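Colleague: Have a look at this prediction, sequence included:
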Amino acid sequence: MDKSFMTRRAFSLVSLMLSVSGCSSTYWSIPYISNYRVATQYRRRRVPYAGGEEPGTIVVNTAERYLYHVEGGGRATRYGVAVGEAGLSLKGEATVGRKAEWPSWTPTANMIERKPRLQQYAGGVEGGLHNPLGAAALYLYRGDHDTMFRLHGTNEPWSIGHAVSNGCIRLTNKDIVHLYNRTPIGTKVLVI
């Protein structure tokens, strides 16, 4: 068994010990709970990159199911992602207009219309382990307009590599935290 993942029992014990000792913790120091392993080809890695984008740019290739954080010098960090179902994806340029750790989530009216089971969440879901946006979110804007599309974590890591979302780009919680920490507001995002 891989020892890099904690069991729920161990996580609960560590959490209890931290709270009793007076320590508090944000996501950035919480162990990853899932025992799910993302397929090897979708694990984060530095790769050669031949695109012409400026360093710092984020490029999402929805057909490949990869997100590239361009680093310059012919390199990028590549992340495996889950993308929107057919016809439900943002295409073109946007910028990161807002960032949030453990964001809340409310399904849009269009989401509820397509998937009536989401009606139960119409009042919103607070941030946390059971929130569909996961540990963090980068909100995509065009000008001053929120596109309603996000780059965000997921509590469904098995979706990475598939077209399953309502249009947002999902990364594992570990990967969204990594990307979040490297991405300032105003970062250019290109979705192809």
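Modeller: Everything's here; your move. Numbers count the residues shown, from 1 in each chain.
Colleague: Excluding covalently adjacent residues, which one is nearest to Ala50?
Modeller: Gly74 (6.8 Å; C-beta to C-beta, 6 or more residues apart in numbering). Where you see a C-beta, it was placed from the backbone N, CA and C, and this is true even at glycine.
Colleague: tell me the contacts of the one you found?
Modeller: 48-50 (C-beta atoms under 8 Å, 6 or more residues apart in numbering).
Colleague: same question, His130
Modeller: Contacts of His130 (C-beta under 8 Å, 6+ apart): Asn155.
Colleague: In a strand, it, correct?
Modeller: No: counting by DSSP: H, G, I helix; E, B strand; the rest coil, His130 is not part of a strand but coil.
Colleague: Tell me the pLDDT of Ala137.
Modeller: Turning to Ala137, the model gives it a pLDDT of 96.
Colleague: same thing with Gly128?
Modeller: Reading off the model, Gly128 has pLDDT 84.
Colleague: likewise Met148?
Modeller: 89.
Colleague: on that earlier part again, need phi/psi at the residue nearest to Ala50.
Modeller: Main-chain torsions, Gly74, degrees, to the nearest 10: phi 70, psi 20.
Colleague: Might one say that Lys69 is in contact with Arg182?
Modeller: You called it Lys, but residue 69 is His. Yes: counting by C-beta atoms under 8 Å, His69 does reach Arg182; the two are 6.3 Å apart.
Colleague: which residues do those two both contact?
Modeller: Joint contacts of His69 and Arg182 (C-beta under 8 Å, 6+ apart) are Thr77.
Colleague: Just give me the longest strand of this protein.
Modeller: The longest strand of the chain (DSSP state E) is strand 92-101.
Colleague: Settle this for me: Arg75 is touching Ala50, isn't it.
Modeller: No: using C-beta under 8 Å as the test, Arg75 is too far from Ala50 to be in contact (10.2 Å).
Colleague: Look at the two and report which has more neighbours.
Modeller: Taking other C-beta atoms under 10 Å, Arg75 and Ala50 do not tie; Arg75 has more neighbours (15 against 6).
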